[in-house]
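**Q** I'd like to go over a predicted model; first the sequence, then the structure.
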Amino acid sequence: MRVHLWGTESLAPLFRERGDRVSFGEPLPLDADLYLLSRDSENLRRLEQGLVILDLRADADPALADRLPYADLGLVDDRAARAALAETVGCEPDRLFIVDDDRDLLALIDRALADDLPPAVVVTEEPPQEAAPDEAALAVRLAVLARQADVMLRGYRVRSKLPLIGPLIAWFRRNLTSHLREPYLDPILERQVALNRELVAILQEMLQRQTALETRLKRLEERQNDGNEGPSCH
């Protein structure tokens, strides 16, 4: 089987161990049997064959979530991330999987290729029981905002796939825009990232305080009810 990895190169030994042919990076080939990506690619829309899996776990490209409609499956960290993506992107929850380890990832791939899902082993973490449903939903949405706070495309590199002169073209493109990007665009975007993260942190703290306050009020009400239900004198 031909496997193409983009942003997930660390998984290459896992596939090579079982005899798969592995390729990497951009541009995405159009004839692979499996695509496992944690970086965005324009070529994603053009893939007409193979199993396409987007790895949306930690360190994934934030823009990758918007590509879920073009993929077969998605990998997420937990149930909160699954619910958030289902809500914000509109992806069916049964296409998003929480994989316990790399061996379970192989099992998921094999079962998906055999059209026999769900996978054998997934993590089934339960949401916090103390939080009210509306507070849990807010926590999920804040978790999504936290992952999307960094709007910089930090993994992007200017490349050209033309033979021989490709590196020269890429060098020319980098230097053509560097006088605008480095002194102007990059500082503006970094300030935006800092602002986004600060706003998310403030909102998370406000939610924590609200949850703590509602918990205290609930305990006071319970104590008051217990006092009112005490033994009466006849």
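**A** Great, that's in hand.
**Q** so where's the chain shaky on pLDDT?
**A** Applying pLDDT under 70 to the chain flags residues 90-91, 116-137, 151-184, 228-234.
**Q** Just to be sure, Val52 is in a strand?
**A** Yes: according to DSSP: H, G, I helix; E, B strand; the rest coil, Val52 belongs to a strand.
**Q** show me the contacts for the most centrally placed residue in the chain.
**A** In the chain, the residue lying closest to the centroid (Cα atoms, centre = their mean) is Leu56, at 2.9 Å. The contact partners of Leu56, taken as Cβ atoms under 8 Å, 6 or more residues apart in numbering, are Ser38, Leu64, Ala65, Leu68, Gly74, Leu75, Val76, Ala81, Leu85, Leu96. To be clear about C-beta, it is placed using only N, CA and C from the backbone, and glycine gets the same treatment.
**Q** Of those - the most surrounded one?
**A** The most crowded member of the contacts of Leu56, judged by other Cβ atoms under 10 Å, is Gly74 (27 neighbours).
**Q** Check the secondary structure at that residue for me.
**A** State at Gly74, reduced to three classes by three-state DSSP: strand.
**Q** What distance do you get for it to Asp66?
**A** Counting by Cβ to Cβ, to the nearest Å, the separation of Gly74 from Asp66 is 12 Å.
**Q** Same check on Ala58?
**A** Taking Cβ to Cβ, one finds Ala58 at 18 Å from Asp66.
**Q** Also Leu106?
**A** The gap separating Leu106 from Asp66 is 27 Å, by Cβ to Cβ.
**Q** Give the residue from these two that has the larger number of neighbours.
**A** Higher neighbour count among Leu106 and Asp66: Leu106, with 18 against 12, using other Cβ under 10 Å.
**Q** quick one: buried residues of the strand or helix carrying that one?
**A** Using DSSP states H and E, Leu106 sits within helix 102-113. Neighbour-count burial for helix 102-113, counted by 16 or more other Cβ atoms under 10 Å, picks out Asp104, Leu105, Leu106, Leu108, Ile109, Ala112.
**Q** which one among those residues gets closest to Glu9?
**A** Leu105 (14.5 Å; Cβ to Cβ).
**Q** give me every residue that touches that closest one.
**A** Leu11, Leu14, Leu75, Val99.
**Q** Most widely separated two among the residues you listed?
**A** Greatest spatial distance in the contacts of Leu105: Leu14 and Leu75, 13.8 Å, computed using Cβ to Cβ.
**Q** Using the record's assignment, carve the protein into domains.
**A** Split into domains by automatic domain parsing, the chain comes to 2-113, 133-228.
**Q** Phi first, then psi, for Glu87.
**A** The phi and psi torsions at Glu87 (degrees, to the nearest 10) take the values phi -80, psi -50.
**Q** er, Asp59 actually
**A** The phi/psi pair for Asp59 (degrees, to the nearest 10) reads phi 70, psi 10.
**Q** Check Asp55 too.
**A** Dihedral angles of Asp55 (phi, psi; degrees, to the nearest 10) stand at phi -90, psi 100.
**Q** For it, grab the count of nearby residues.
**A** By other Cβ under 10 Å, the residues close to Asp55 number 24.
**Q** chain center to the longest helix along the chain, what's the gap?
**A** Of all the segments of type helix in the chain, defined by DSSP state H, the longest one is helix 186-228. Distance of helix 186-228 from its chain centroid, counting by Cα atoms, centre = their mean, to the nearest Å, is 23 Å.
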